[in-house]
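Colleague: No sequence on hand, only this structure:
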C-alpha cells in the first residue's frame with residue numbers, strides 16, 4: 001500500500017549503533033513523537049558495577065509524516081543516521097520495496113508492554129517463526145491488561161508474544177489466569 005506523504009504513520013527507522021540516545025534527544029528537542037525501546041543492563045565502569053539504560057534495538061519508532069522525516073534526515077545532521085526500514089512486496093511476477101510502517105494498534109500494544117520495567121520481558125529477534133499463527137489471547141488482569149498477543153513456545157516456556165510485524169517482538173511470561181482466549 002503506497003504511503004500518503006501528508007499522513008501520520010509510525011515509521012520504524014534504523015539508527016547507527018551508539019547514536020540511539022542522540023537521535024532520541026534531537027527528536028524530543030524538535031517535538032516529534034517517537035519511541036525508543038530501552039532495557040536495563042549492568043556495565044562495569046572503573047571497577048564498579050552500574051545499572052544503565054541501553055537501547056533494546058537499534059530501531060527508533062517515529063510518529064510523523066514521511067515528508068517530515070525525510071526533510072529532517074536531509075537537513076539535520078543529528079538525524080542523518082536514520083534509515084527507513086524497507087519491506088519487500090511481491091505482486092505477481094515482480095517485487096519492489098516499500099517503506100515499512102507500523103499500524104497504530106500494534107504500536108500501542110508494543111509501547112505499553114516495553115515501557116513497563118519488567119523482568120519477565122524478553123526481546124526477540126523477529127523471524128518468520130513469529131508470523132506463524134499461535135493462539136490469540138488478551139491479557140485481562142495485571143500491568144498489561146488490554147494487550148493482545150499470541151501464545152508461543154519460547155525456550156520451552158509458553159509466553160505471550162507481542163509483535164510489531166517485520167520489526168521486533170517481545171515475549172512475556174504471564175500466568176494463564178490473567179489471559180482470555182480470543183477468536
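Modeller: Perfect, I can see it now. Just so it is clear, the structure is predicted and the values come from calculations on it, not from any experiment.
Colleague: what's the average pLDDT for the host helix or strand of residue 26?
Modeller: Secondary structure from DSSP states H and E places residue 26 in helix 20-29. Over the span of helix 20-29, the pLDDT mean works out to 96.
Colleague: Report the buried residues of it.
Modeller: Residues 20, 23-24, 26-27 are the ones in helix 20-29 that count as buried (16 or more other C-beta atoms under 10 Å). Bear in mind the C-beta positions are built from the backbone N, C-alpha and C, glycine included.
Colleague: same thing with stretch 59-72?
Modeller: By neighbour count on 16+ other C-beta under 10 Å, the buried set for stretch 59-72 is 59-66, 68-69, 72.
Colleague: and the closest residue to residue 33 other than its chain neighbours, what element?
Modeller: With C-beta to C-beta, 6 or more residues apart in numbering as the measure, residue 63 is the residue that lies nearest to residue 33, at 4.0 Å, once sequence neighbours are left out. Under DSSP H and E, the secondary-structure element containing residue 63 is strand 59-64.
Colleague: which residues are in contact with the very next helix or strand once past that strand?
Modeller: The first helix or strand that comes after strand 59-64 along the chain, using DSSP H and E, is helix 66-75. Contacts with helix 66-75, where a contact means C-beta atoms under 8 Å, 6 or more residues apart in numbering, come from 3, 5-6, 9, 11, 13, 30, 32, 62, 79-80, 82, 84, 99.
Colleague: Quick check: of those residues, which lies closest to residue 182?
Modeller: When the contacts of helix 66-75 are compared for distance to residue 182 (C-beta to C-beta), residue 9 wins out at 26.2 Å.
Colleague: what's the nearest residue to the closest one if we skip its chain neighbours?
Modeller: Of all residues apart from its sequence neighbours, residue 101 sits closest to residue 9 (C-beta to C-beta, 6+ apart), at 4.2 Å.
Colleague: was I right about that neighbour contacting residue 5?
Modeller: No: in this structure, residue 101 sits apart from residue 5 without contact. The criterion is C-beta atoms under 8 Å, and the distance is 12.0 Å.
Colleague: neighbour-wise, which of those two wins?
Modeller: residue 101 (19 against 11; other C-beta atoms under 10 Å).
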